[in-house]
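**Student:** below are the sequence and a predicted model; questions follow.
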Amino acid sequence: MKFGLSSCTRQTRPAPRNNPGRGNTKSKMITLLLVYFMNNPFYPADLLQLQRAVDASVPADARPVIGISTNFKEGLSCIHDDYVRAITRAGGVPLLLPVMQDIDALQAIVAHLDGLLLSGGADVNPLYSGEEPIPALGMVDPERDRYELILARLAANRQVPLLGICRGHQLINVAFGGKNYQDIPSQVPGALKHGQEMTTGHGSHTVRVAPNSTLFAILGKETVTVNSYHHQAIKEIAPGLTVTATAPDGVIEAMEALPDYRVLGVQWHPERVPLHDSQEMEKIFRYFTREALLFKRAKEIHERVLVIDSHCDTPMKFSPGFDIGKRHETVKVDLPKMREGLLDAVCMVAYLPQGKRDDLSSAQATATAMSIFDQIEQQVRLYPDAIAIARDPADARRLKSEGKKCIFLAIENGYAIGKDLANLARFKEKGVAYITLCHNGSNDICDPAEGAPEHGGLSDFGREVVREMNRLGIIIDISHAGEETFRDVIALSRHPVIASHSSVRALRDHPRNLTDEQIRALAANGGVVQVCLYNHFLAKRGKATLRDAIDHVDHVTRLVGIDHVGIGTDFDGDDDQVLPGCRAANELPNITVELLRRGYTPADIEKLWGGNLLRVMTRVQQK
């Protein structure tokens, strides 16, 4: 028989947990109490002594806050104290989350979490997976199902590290789109006994851990003996999740989405292993707490510094009725995702595909760019208390201090200038921060990286454009420019230039990427390479991950230093290109987590996330 103490949001007296397989013994109670008091300091009923202990305590600012989902019984939000002790021993700060369906309240709670543990409990309602209940389905708690599915969605939106235990493991699978067995004995032929009749601290069967998994790296072994208290299990693994452990009968015992997403689930109860035998299972909680601490540090950096994405094509998504303040499944940058991803500013471009270059077509290109800017301003006017147009670094810093997001206006393709140099003054008056000189195809300014060359670099008109942009204080962007164009710009420009969304050719041989020679020249000019997250430019056959993107950051940093690198996502430029680990603006903190993992300092990350770009902007706008 296993005794335990419960943690509740309403106080109740600790009660023994009945298990019909074993009898009560005094020695087990003594052992439990010893374990409990080893992890919970004893204070006598002395108010002064208690207050002195509180005042002498060291604030736990460096410890991550781990939310723990609770059971809902007779109006009480409660959970077994083993979860609390496991998180505390691993270095985390446990926070019990009351069962509720108030999405706004839960959203506010999740925003302050560094990790979320979904705990064990009753069966998961199969209706959430599109299946009808079978006779062997056990007790379902509708309130808890809704509450934990809300929590899982909110945590995923913010990329909060997730750990699921038993029911929590199954619920994560449902939340991500998988299906569960409702009852192992009746649905899995030849299944083992997964509901053991012995104390929870003893293992009842083994599981085999996949050797190439993060779980294997955590536990350090391929075969692990685990306890087993479930009659439901994962049947069909959700998209994006990977099976990492199975029982001898084939039942899925663990899954993960690591390393691209910090999601881990185990079917057994690692928190129930007695303290003297717990080192192996404690590794799971220590790993989870370390990941939560990295996430906490990443959030703190985002909250402190000005985080800027130097290139997104979201205006391409401005269909009739579009609302930037609402969440859109097919849009990578909107206000909800900017809030969740702690993204302060974006350079939103007026993109123009290269078209005909007669006078009428050129004038139409200019009008199209101005129309796109009007659409961006219309979106901003919908939410004056949440977002604004920024014209310079001072605007961006002020808006962040006011709790607002901001947009810098930019143009992708100098085709918008047409044949009239005076249009540059119109764009400057509108607030344009930078102009990408070309796209895929020659224009009247220069030759591109992709497309037939026409001018051998900058045209005569292109040289005038560069001089006028320098005079007006508009940043020159050489992304998409051919190598001859790049050399001409570097030789002619009096101010630093940028590559707003370009990656490294040494790692991915593509004409859109920059050679090491170009990166050195750009750095010598004082400029910045804003690494692009378009996965076709990161790895062959487009099979890139977040780690590949950071490899490009590493390469630039090693080559020319941290002062000349940043991030330009190119979000919303192509829906077919989704980078695992950073699919949209809400997942940008994953970049910061990986940078911290690789040893970048907060000062380095501040430069990378906008400090370098703002330095160039300040220099250029000073003319």
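**Tutor:** Arrived safely, thanks for sending. Numbering: from 1, shown residues only.
**Student:** strand partners (parallel or antiparallel) of the helix or strand harbouring Thr206?
**Tutor:** Per DSSP states H and E: Thr206 is located in strand 205-209. Sheet partners assigned to strand 205-209 using DSSP bridges are listed as strand 223-226 (antiparallel), strand 242-246 (antiparallel).
**Student:** tell me the most buried of these?
**Tutor:** Mean neighbour count (mean count of other Cβ atoms under 10 Å) peaks for strand 242-246 among these, with a mean of 20. Heads up, the C-betas are built off the backbone N, CA and C, glycines and all.
**Student:** tell me the helix or strand right after it.
**Tutor:** Moving toward the C-terminus from strand 242-246, the next helix or strand (DSSP H and E) is strand 252-256.
**Student:** run through who's touching the following helix or strand past that following strand.
**Tutor:** Next helix or strand after strand 252-256 toward the C-terminus (DSSP H and E): strand 263-266. By Cβ atoms under 8 Å, 6 or more residues apart in numbering, the surrounding residues in contact with strand 263-266 are 161-166, 168-170, 172-173, 214-215, 226, 241, 245, 253-258, 284, 287-288.
**Student:** relative to strand 252-256, how tilted is the strand holding Thr206?
**Tutor:** 40 degrees (axes from the mean of the first three to the mean of the last three Cα atoms, to 10 degrees).
**Student:** ok, Gln107 to Glu303 distance?
**Tutor:** 17 Å (Cβ to Cβ, to the nearest Å).
**Student:** neighbour-wise, which of these two wins?
**Tutor:** The residue with more neighbours, out of Gln107 and Glu303, is Gln107; 17 against 11, by other Cβ atoms under 10 Å.
**Student:** contacting residues for the more buried one?
**Tutor:** Neighbouring residues of Gln107 by Cβ under 8 Å, 6+ apart: Leu154.
**Student:** same check, this time on Val489
**Tutor:** Val489 sits in contact with Leu437, Cys446, Leu458, Val466, Ile476, Ile478, Ala481, Val497, where contact means Cβ under 8 Å, 6+ apart.
**Student:** ok, Gln354 next?
**Tutor:** Contacts here follow Cβ under 8 Å, 6+ apart; on that basis Gln354 touches Asn413, Tyr415, Cys438, His439, Asn440, Gly441, Ser442, Asn443, Gly451.
**Student:** which residue lies closest in space to it, excluding its sequence neighbours?
**Tutor:** Distances taken as Cβ to Cβ, 6 or more residues apart in numbering put Gly441 closest to Gln354, at 3.5 Å, once the chain neighbours are dropped.
**Student:** same check, this time on Asp392
**Tutor:** Sequence neighbours aside, Gln621 is the residue nearest to Asp392 in space, at 5.8 Å (criterion: Cβ to Cβ, 6+ apart).
**Student:** now do that neighbour against Val54, distance only.
**Tutor:** 52 Å.
**Student:** the two: which has the busier surroundings?
**Tutor:** Under the criterion of other Cβ under 10 Å, the comparison of Gln621 against Val54 puts Gln621 first, with 18 against 9.
**Student:** surely that one and Gly473 touch.
**Tutor:** Yes. Proximity of Gln621 to Gly473 meets the contact threshold set by Cβ atoms under 8 Å, at 4.2 Å.
**Student:** related to what we said a few turns ago, the contacts of Val489 in strands, which ones?
**Tutor:** Members of those lying in strands (criterion: DSSP state E): Ile476.
**Student:** gap between the two ends of stretch 158-173?
**Tutor:** By Cα to Cα, to the nearest Å, the extent of stretch 158-173 from end to end equals 18 Å.
**Student:** what mean pLDDT does that stretch get?
**Tutor:** When pLDDT is averaged over stretch 158-173, the result is 98.
**Student:** and stretch 372-391, by the same measure?
**Tutor:** For stretch 372-391, mean pLDDT is 98.
**Student:** now it - C-alpha only, PDB.
**Tutor:** C-alpha atoms of stretch 372-391 as PDB (Å, rounded to 0.1, in the frame of the first residue of the first chain):
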ATOM      1  CA  ILE A 372       0.300  48.300 -49.600                       C
ATOM      2  CA  PHE A 373       1.600  50.900 -47.100                       C
ATOM      3  CA  ASP A 374      -1.900  52.300 -46.800                       C
ATOM      4  CA  GLN A 375      -3.200  48.700 -46.100                       C
ATOM      5  CA  ILE A 376      -0.600  48.300 -43.300                       C
ATOM      6  CA  GLU A 377      -1.500  51.700 -41.800                       C
ATOM      7  CA  GLN A 378      -5.200  50.600 -41.900                       C
ATOM      8  CA  GLN A 379      -4.400  47.500 -39.900                       C
ATOM      9  CA  VAL A 380      -2.500  49.600 -37.400                       C
ATOM     10  CA  ARG A 381      -5.400  52.000 -37.000                       C
ATOM     11  CA  LEU A 382      -7.600  49.000 -35.900                       C
ATOM     12  CA  TYR A 383      -5.500  48.600 -32.700                       C
ATOM     13  CA  PRO A 384      -4.000  52.000 -31.700                       C
ATOM     14  CA  ASP A 385      -3.400  50.800 -28.200                       C
ATOM     15  CA  ALA A 386      -1.500  47.700 -29.300                       C
ATOM     16  CA  ILE A 387       0.600  48.600 -32.400                       C
ATOM     17  CA  ALA A 388       2.000  51.500 -34.300                       C
ATOM     18  CA  ILE A 389       4.300  52.500 -37.200                       C
ATOM     19  CA  ALA A 390       7.900  53.200 -36.100                       C
ATOM     20  CA  ARG A 391      10.100  55.500 -38.200                       C
END
